[in-house]
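Asks: Next come a sequence and a model predicted from it.
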Amino acid sequence: MKINCLIIDDEPLAINVIKNYLEPIENFEVINTFSNPIEGLNFLKNNKVDVIFLDINMPVLDGINFIKSLDNPPILVITSAYSQFAIETYELDVLDYLVKPIEFPRLMKTLNKISKRLNSSSNVPQENSPESPFIFVKIDKKRMKKIFFNEILVIESLKDYLKINTLTGKYIIHSTLSDFTDLLPERNFLRIHRSYTIAIDKIDAVEGNSIEIEGLRYVIGRSYIDHVKQRILNSSI
């Protein structure tokens, strides 16, 4: 599934930064860019757009009034040099707020939020078709890896890094377990320990204070155990 993106910003350099970041990312496609927000509004009347990357301070029509003019807005991501508008825009159901200059790792977090929002709003097939839910992770300086949610077994914290164990391989990424878990579908994944998040449907057995997945046992943290067992019981009904 191609995710159609529109960039609206009165600064050509700012447009190029986001456009160049998105160019190598599979499934995200910039279908048009505008430095004039009025032209962007006209484009939206006749074209399907999934995501708008939108500046705030623009002549003629600023970003906030642009959003208010939309009857059925797509996913909205604010790109601004100023942070003081964040609270006001979140009240308009903005998905994320990126402060310029935008760094690539920060944008990747936004792209994963976008994928999660779009996946959760549609019926998700079980096989790894192009519509299957996924997340992109940066596994080295130049390579982004697509990982399907239904292939993940366990995510393990290694201090400032994570090890993602999947059905097809293991990947080390730079992230915290809390941040990464927040990007996963809540109904499918469960934090069981300060060091582990697991896929509920990959659990083979529960014994005492541990969970078995693919022949390996993972201890349930003492502060997590009541919540974990309740979630597992509810998922088995």
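Replies: Arrived safely.
Asks: Can you flag the residue of this protein lying furthest from its geometric centre?
Replies: Gly208 (34.0 Å; Cα atoms, centre = their mean).
Asks: what's the distance between that residue and His227?
Replies: 16 Å (Cβ to Cβ, to the nearest Å). For every residue, glycine as well, the C-beta is placed using N, CA and C.
Asks: Touching, Phe85 and Ile78? I think so.
Replies: Yes: applying Cβ atoms under 8 Å, one finds Phe85 in contact with Ile78, separated by 7.2 Å.
Asks: So between these two, which is more surrounded?
Replies: For Phe85 versus Ile78, neighbours defined as other Cβ atoms under 10 Å are more numerous around Ile78 (25 against 17).
Asks: Quickly find the element holding that one.
Replies: Assessed by DSSP states H and E, Ile78 sits inside strand 75-80.
Asks: Direction included, what does that strand pair against?
Replies: With DSSP bridges as the test, strand 75-80 is paired with strand 51-54 (parallel), strand 96-99 (parallel).
Asks: Just name the most buried of the ones you listed.
Replies: For the strands paired with strand 75-80, average neighbour numbers computed from mean count of other Cβ atoms under 10 Å are highest in strand 51-54, which has a mean of 24.
Asks: Give me the average confidence score over that strand.
Replies: In this model, strand 51-54 has a mean pLDDT of 97.
Asks: List the buried residues for the very next helix or strand once past it?
Replies: Downstream of strand 51-54, the first helix or strand assigned by DSSP H and E is helix 63-68. Buried residues in helix 63-68, counted by 16 or more other Cβ atoms under 10 Å: Gly63, Ile64, Phe66, Ile67.
Asks: which secondary structure elements does helix 63-68 contact?
Replies: Under the contact definition 3 or more Cβ pairs under 8 Å, 6 or more residues apart in numbering; DSSP states H and E, helix 63-68 sits against helix 37-46, strand 51-54, strand 75-80, helix 86-90.
Asks: and the one helix or strand Thr197 maps to, which strands flank it?
Replies: According to DSSP H and E, Thr197 maps onto strand 196-199. Strand 196-199 has the following strand partners under DSSP bridges: strand 152-158 (antiparallel), strand 189-193 (antiparallel).
Asks: if we look at it, which residues are touching it?
Replies: 149-150, 152-157, 177, 180-181, 184, 188-192, 211, 213, 218-219 (Cβ atoms under 8 Å, 6 or more residues apart in numbering).
Asks: which of those count as buried?
Replies: Among these, those scoring as buried are 149-150, 152-157, 177, 180-181, 184, 188-192, 211, 213, 218 (criterion: 16+ other Cβ under 10 Å).
Asks: Identify, by residue count, the longest helix of the chain.
Replies: helix 104-120 (DSSP state H).
Asks: How is this protein divided into domains?
Replies: With domains defined by automatic domain parsing, the chain comprises 3-120, 150-235.
Asks: These into TSV, with extra columns for distance to Lys138?
Replies: Listed next are the domains of the chain as TSV, based on distance: least, Cβ to Cβ, whole Å:
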stretch	distance to Lys138
domain 3-120	6
domain 150-235	6
